[in-house]
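Visitor: coords please:
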Amino acid sequence: MKRQISISVLALICLTAPMPAIAGDLSVSTSIDYATEYVFRGVSYQRGAIQPGIEAAYGNWTLGVWSSQALGETSSAAIDEIDVYGGYGWDLSDTISASAGFTVYHFPDTPGGLFDFGGASTFEINGGLSFDTTLAPSLTAYYDFDLEAFTLEGSLSHSVPVTENTSLDLGLVGAFVTADGPGDYEYGLVSAALSYALSENVSAYIGANYSLSSEDTLRFKVDGNGNGFTNSDELLWFGTGIATGF
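Guide: Numbers count the residues shown, from 1 in each chain. Sure, this is the predicted structure:
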């Protein structure tokens, strides 16, 4: 049932998508971030991480690579990650847009998975709607075929101009996950970041994040045997980074 719901959401969105335009502008963006904790969908995976990424966009199409590499004392127990993702977005109306895409999550140090090329991988599809209105609400569904995990995530965001080159960016996320094996849980995130445009093509930010989970899936630690574990249902963590586009 979980798989059917996810595939149905994606299929419905794909059926409404127009044919891609032949012409389009190619753009490339790069980023590198540092996070005091790598938190993904309410779960801590690394305590201190460097996270580089590169993304290319052509018309409504995007394709990117993103990575999270653990740093510090707990890095020996953490699992590094390299993701490849792509997607297509289009307008349904003047205020509603849709998207559909995929992500391959690759873990070089973990054996097995759907694509076993020097580590484990899982494959996920997604489909979403976003609304160009107050607080920019969005709703996105995800389904990971390997983990048999379905996620439905909603978000709100708002940007407040501070100076000509600076803005305060606020975000709120709420979601639930249903998965085969680990079980179901809910998570939330409140974020605030101060962004500064260094030039027309370069920007930087520093931000604070407060994560919540219905289970003890936050605050990555290492026990006496060198194994990673989490033990908290809430966590305050920070991030900073720089991005370029051309």
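Visitor: which ones are touching residue 168?
Guide: 159-160, 162, 192-195 (Cβ atoms under 8 Å, 6 or more residues apart in numbering). Heads up, the C-betas are built off the backbone N, CA and C, glycines and all.
Visitor: what about 7 Å?
Guide: Contact analysis of residue 168 by Cβ atoms under 7 Å, 6 or more residues apart in numbering lists 160, 162, 192, 194.
Visitor: residues in contact with the first one?
Guide: For residue 160, the residues meeting the contact criterion (Cβ under 7 Å, 6+ apart) are 167-168.
Visitor: against residue 26, how distant is the most centrally placed residue in the chain?
Guide: With distances taken as Cα atoms, centre = their mean, residue 40 lies nearest the centre of the chain, 6.9 Å away. Residue 40 is 29 Å from residue 26, where distance means Cβ to Cβ, to the nearest Å.
Visitor: picking that back up, bridging across strands, which residues link to the residue nearest to the centre of the chain?
Guide: residue 43 (DSSP bridges).
Visitor: pLDDT at it, what is it?
Guide: For residue 40, the pLDDT comes out at 97.
Visitor: ok, the one 3 residues further on next?
Guide: The predicted local confidence for residue 43 comes out at a pLDDT of 96.
Visitor: now residue 224
Guide: Note on residue 224: pLDDT of 89.
Visitor: that one - how many residues pack around it?
Guide: By the measure other Cβ atoms under 10 Å, the count of residues near residue 224 is 5.
Visitor: need phi/psi at it.
Guide: Main-chain dihedrals, residue 224, degrees, to the nearest 10: phi -70, psi -20.
Visitor: would you check how far apart it and residue 46 are?
Guide: 19 Å.
Visitor: which residues touch stretch 31-51?
Guide: Stretch 31-51 is touched from outside by 52-53, 66-72, 74, 78-79, 151, 175, 177, 185, 187, 211, 213, 217-220, 230, 235, 237-243, with contacts defined as Cβ under 7 Å, 6+ apart.
Visitor: would you mind measuring the gap between the ends of it?
Guide: 8 Å (Cα to Cα, to the nearest Å).
Visitor: please shift the residue numbers so they start at 57 in all later answers.
Guide: All right, first residue 57 from here; so that's stretch 87-107.
Visitor: can you show me the CA trace of stretch 263-273 as PDB?
Guide: Taking C-alpha atoms only, stretch 263-273 is exported to PDB below (Å, rounded to 0.1, in the frame of the first residue of the first chain):
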ATOM      1  CA  GLY A 263      22.100  29.500  10.400                       C
ATOM      2  CA  ALA A 264      20.600  27.700  13.400                       C
ATOM      3  CA  ASN A 265      18.300  24.700  13.300                       C
ATOM      4  CA  TYR A 266      16.100  23.000  15.900                       C
ATOM      5  CA  SER A 267      15.100  19.400  15.100                       C
ATOM      6  CA  LEU A 268      12.400  17.300  16.700                       C
ATOM      7  CA  SER A 269      11.700  13.600  16.400                       C
ATOM      8  CA  SER A 270       9.000  11.400  17.900                       C
ATOM      9  CA  GLU A 271      11.700   8.800  18.600                       C
ATOM     10  CA  ASP A 272      15.200   9.100  20.000                       C
ATOM     11  CA  THR A 273      16.800   9.500  16.600                       C
END
